[in-house]
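>>> A predicted structure for the sequence below; I have some questions about it.
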Amino acid sequence: MSVKQATAANDVPAHDEGQPAGKSPDRTDMVGKALGLLVLLGDEPRGASAAEVSRRAGLPFSTTYRLLGSLARDGFVDYEPDGRRYHLGLRVFQLGQRVSNHHGFAGAAMPVLRRVTEQTGEATILSVRDGRHHLTVNKVDGPQMFRVTSDPGHLGSLSTTAVGKALVAFAEDAEREELLADLPLEALTEKSITSREAFRAEIEQVRRQGYALMDEENEAGMRAVAVPLLNAQGFAFASLATAVPVFRLTLPELIAHVPLLQDAAAELAARLPQR
């Protein structure tokens, strides 16, 4: 079902003779607002209504509705009539896949991830930092029935995940200090670290031991271990993890996979562009 468009003549910005055609400040600003709506929807896996998006974006409802309609028309947003909710569309996924291919994450990384999963029997996840979140760029599920839910395109917490902690711990010094001081510490489970002092101590431990752990801090019943992919300067540009349900591996059994992950991370660091 398509979304009805409001197309009043006064919605179109007047052309400013001092600007090239198609480059007026108003039009550029609308592009930025539309992109902002996509980012907001990316944080809403169950979707959001136009009113909710409008409130979160701080935009007038009429502007939000018009932008969502344009994005839906071009496939960047899907509209669910029954719940009157908007979701990211397939066009965003297609572009994301192209970015992944461009950076070598699909072609170069997947064989390595598959090899790790063959040896561990568990899910292998490759993530990068996206601002104050981690972004899953590749995942290979294990042969077991119980699946890990962090699929490619998933934005997750830096403070409650093993991949996130590894990215923070081995970030450039100034970025790490900024994250330690300002990163929101979300209480996703009763085991999540919410103390600033405790989080700093955790990150220092990750730096000392070279790997990060998550023990039901992000999702009850799940644990993971992650190692950084380091660039030539010794800073993380990605992280690699093995994730398991708690009933399958103890923490010591999970930590036993660290050497395998570190070998794979070194191979990936040599293969992938270090952005």
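Looks like it arrived, so ask away.
>>> how about the strands in the stretch 1-150 of the chain?
77-80, 85-88, 123-130, 133-140 (DSSP state E, counting those that start in this stretch).
>>> the stretch 151-275 of the chain too?
For the stretch 151-275 of the chain, applying DSSP E, counting those that start in this stretch gives strands covering 155-157, 212-215, 222-230, 236-245.
>>> what's the end-to-end length of stretch 42-52?
Counting by C-alpha to C-alpha, to the nearest Å, you get 14 Å between the two ends of stretch 42-52.
>>> so how far is that stretch from its chain's centroid?
Distance, stretch centre to chain centre, for stretch 42-52: 16 Å (C-alpha atoms, centre = their mean, to the nearest Å).
>>> report the longest helix in the protein, please.
If you go by DSSP state H, the chain has its longest helix at helix 25-42.
>>> just to revisit the earlier point, need the strands of the stretch 1-150 of the chain in JSON lines with mean neighbour count and mean pLDDT, can you?
Just so you know, the C-beta spots here come from the backbone N, C-alpha and C atoms, and that holds for glycine as well. Listed next are these as JSON lines, based on neighbours: other C-beta atoms under 10 Å; pLDDT from 0 to 100:
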{"stretch": "strand 77-80", "mean neighbour count": "19", "mean pLDDT": "87"}
{"stretch": "strand 85-88", "mean neighbour count": "20", "mean pLDDT": "87"}
{"stretch": "strand 123-130", "mean neighbour count": "25", "mean pLDDT": "92"}
{"stretch": "strand 133-140", "mean neighbour count": "22", "mean pLDDT": "89"}
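>>> which one of the ones you listed lies closest to G58?
G58 lies closest, by C-beta to C-beta, to one member of the strands of the stretch 1-150 of the chain: strand 85-88, at 16.9 Å.
>>> so how far is the closest one from its chain's centroid?
When distances are taken as C-alpha atoms, centre = their mean, strand 85-88 is centred 18 Å away from the chain's centroid.
>>> touching that strand from outside, list them.
Strand 85-88 has contacts (C-beta atoms under 8 Å, 6 or more residues apart in numbering) with 38, 41-42, 44, 46-50, 53, 68, 72, 76-80.
>>> try it again with 10 Å
The contact list for strand 85-88, computed with C-beta atoms under 10 Å, 6 or more residues apart in numbering, reads 3, 37-42, 44-50, 52-53, 64, 68-69, 71-72, 76-80, 96, 153.
>>> same question, stretch 176-186
By C-beta under 10 Å, 6+ apart, the surrounding residues in contact with stretch 176-186 are 129, 132-133, 156-160, 164, 167-172, 192-196, 198-200, 203-204, 207, 217-218, 235-236.
>>> please export the C-alpha coordinates of it as PDB.
Below are the C-alpha coordinates for stretch 176-186, written out as PDB (Å, rounded to 0.1, in the frame of the first residue of the first chain):
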ATOM      1  CA  ARG A 176      38.500   5.700  23.600                       C
ATOM      2  CA  GLU A 177      38.600   8.300  26.300                       C
ATOM      3  CA  GLU A 178      35.600  10.100  24.900                       C
ATOM      4  CA  LEU A 179      33.600   6.900  24.800                       C
ATOM      5  CA  LEU A 180      34.700   6.000  28.400                       C
ATOM      6  CA  ALA A 181      33.500   9.400  29.500                       C
ATOM      7  CA  ASP A 182      30.300   9.800  27.500                       C
ATOM      8  CA  LEU A 183      29.000   6.500  26.100                       C
ATOM      9  CA  PRO A 184      25.500   5.700  27.400                       C
ATOM     10  CA  LEU A 185      25.700   2.600  29.600                       C
ATOM     11  CA  GLU A 186      22.400   0.800  28.800                       C
END
